[in-house]
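>>> What would the 3D arrangement of this be:
(one chain, ligands or ions: 1)
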Amino acid sequence: MPSDTSRADGARLDFAGAMSYGDYLHLDAVLGAQHPRSGDHNEMLFIVQHQASELWMKLVLHELLAARSRVREADLAPAAKMLARVARIMAQLNQSWDVLSTLTPSEYSSFRASLGSASGFQSWQYRMIEFALGARSAVMMEPHRHRPDLVAPLEALHREPSLYDEAVRLLARRGFALAPQAVERDWSEARAFDETVCEAWVRVYRDTTRHWDLYELAEKLVDLEDAFRQWRFRHATTVERIIGFKRGTGGTSGVQYLRRVQEGVLFPELWRARTAL
Ligand code: HEM
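Purely as a prediction, here's the structure:
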């Protein structure tokens, strides 16, 4: 039998004056942030699932904003790497709906009242991600109006070119003839489908050897929207199996609202280009 100390295999055991794993990761704060309000056993799952999703969203946003800068600088190899990571994170988030699906309607009903009006609709990071990708909707900033520290970055991002806008602007810099409004406009306005952008993507796909890095970027963007659509679909389906067609705690029509949102397209020209190929 090995002695108890030798089982540690030389690992450092005294952290009285040194930074430990928990110190580095601030685990006191992270693991001290779950505060079920109902005393119901299943509320912990609900809290952990949301918090874990928000942590992954933090990384998604970090990567997306960095990828946007790289695309702006026409440095596409690192951008592709970051977008590949985002797609893997999204795949992980999509998989995680399986855990939440173990929550039955009766279990959720036992603590639903404790949520009050709290809802993912008020997720600041989710709106930042939507804005970073290119969705534009000023009303989505309203739930954060009472928090100047949150509304200011939302407003700033809403006024800036999105990741997709930067990709389109790069097409113009690479010599594709684009309509002026595709390259310079009021970025806070929702973007409309643009035929010249679609034609440019078609040309990229028709001559991949010549436009390899743009082709790779286009596919990374499609991967991303694909994963994002799956997230929306899994969310709506999970919500339907848990609350049916009841209204959401955030006040919307619930599943009907989520299905409507699912119809939104982030990179329309990239999808339409497929029909022309
Ligand atoms: C029992 C589980 C869940 C239920 C019943 C549920 C229900 C809903 C409903 C009904 C809405 C529409 C807004 C409203 O009226 O409340 C919504 C929105 C939202 N939920 Fe969930 N949800 C659940 C889990 C999650 C999880 C785990 C996340 C991950 C962070 C999440 C993130 C969001 C986001 C980001 C929105 C806004 C969607 C948009 O406006 O496009 N939800 N949820």
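
>>> only C-alpha atoms for contact and neighbour calcs from this point on.
Will do.

>>> you'd agree residue 78 is up against residue 69?
No - using CA atoms under 8 Å, residue 78 is not in contact with residue 69, being 10.3 Å away.

>>> With neighbour numbers in mind, choose between those two.
Shown here are residue 78 and residue 69; by other CA atoms under 10 Å, residue 69 has more neighbours (17 against 14).

>>> Secondary structure element holding the more buried one?
Assessed by DSSP states H and E, residue 69 sits inside helix 43-72.

>>> So is that helix next to the ligand?
Yes - Helix 43-72 reaches the ligand (CA under 6 Å from any ligand atom) through 49, 50, 53, 54.

>>> Counting neighbours, which bits of that helix end up buried?
Buried residues in helix 43-72, counted by 16 or more other CA atoms under 10 Å: 43-44, 49, 53-54, 56-58, 60-61, 63-72.

>>> Do I have it right that residue 151 meets residue 139?
No - using CA under 8 Å, residue 151 makes no contact with residue 139, being 11.5 Å away.

>>> Who has more neighbours out of those two?
residue 151 (17 against 7).

>>> Kindly provide the distance from the more buried one to residue 129.
Per CA to CA, to the nearest Å, residue 151 is found 14 Å from residue 129.

>>> go on, residue 13?
Counting by CA to CA - residue 13 and residue 129 are separated by 41 Å.

>>> Please apply the same query to residue 7.
46 Å.

>>> next one: residue 79
16 Å.

>>> More neighbours: which of those two?
Between residue 79 and residue 129, counting by other CA under 10 Å, residue 79 is the more crowded of the two (24 against 21).

>>> Quick check, residue 40 in contact with residue 110.
Yes - using CA under 8 Å, residue 40 is in contact with residue 110, at 6.9 Å.

>>> mind checking which helix or strand residue 37 is in?
Taking DSSP H and E as the definition, residue 37 sits outside all helices and strands.

>>> mind listing what it touches?
Taking CA atoms under 8 Å, 6 or more residues apart in numbering, we find residue 37 in contact with residue 114.

>>> and the stretch 101-250 of the chain, which residues reach the ligand?
Checking the stretch 101-250 of the chain against the ligand by CA under 6 Å from any ligand atom, the hits are 119, 120, 121, 123, 126, 239, 242, 243, 247, 248, 249, 250.

>>> okay, now the fourth one: neighbour count?
Which is residue 123. 15.

>>> Could you do residue 207 as well?
11.

>>> Tell me the buried residues in the helix or strand where residue 219 lies?
Secondary structure from DSSP H and E places residue 219 in helix 212-243. For helix 212-243, the neighbour count (16+ other CA under 10 Å) marks 213-225, 227-240, 242-243 as buried.

>>> mind listing what's buried in the helix or strand hosting residue 156?
Using DSSP H and E, residue 156 sits in helix 148-159. Buried residues in helix 148-159, counted by 16+ other CA under 10 Å: 150, 151, 154, 157, 158.

>>> Just the mean pLDDT for whichever helix or strand comes after that helix, thanks.
Moving toward the C-terminus from helix 148-159, the next helix or strand (DSSP H and E) is helix 163-173. Mean per-residue pLDDT for helix 163-173: 98.

>>> and the next helix-or-strand element following helix 163-173, what does it pack onto?
Next along the chain after helix 163-173, taking DSSP H and E as the criterion, comes helix 180-183. When contacts are defined as 3 or more CA pairs under 8 Å, 6 or more residues apart in numbering; DSSP states H and E, helix 180-183 packs onto helix 163-173.
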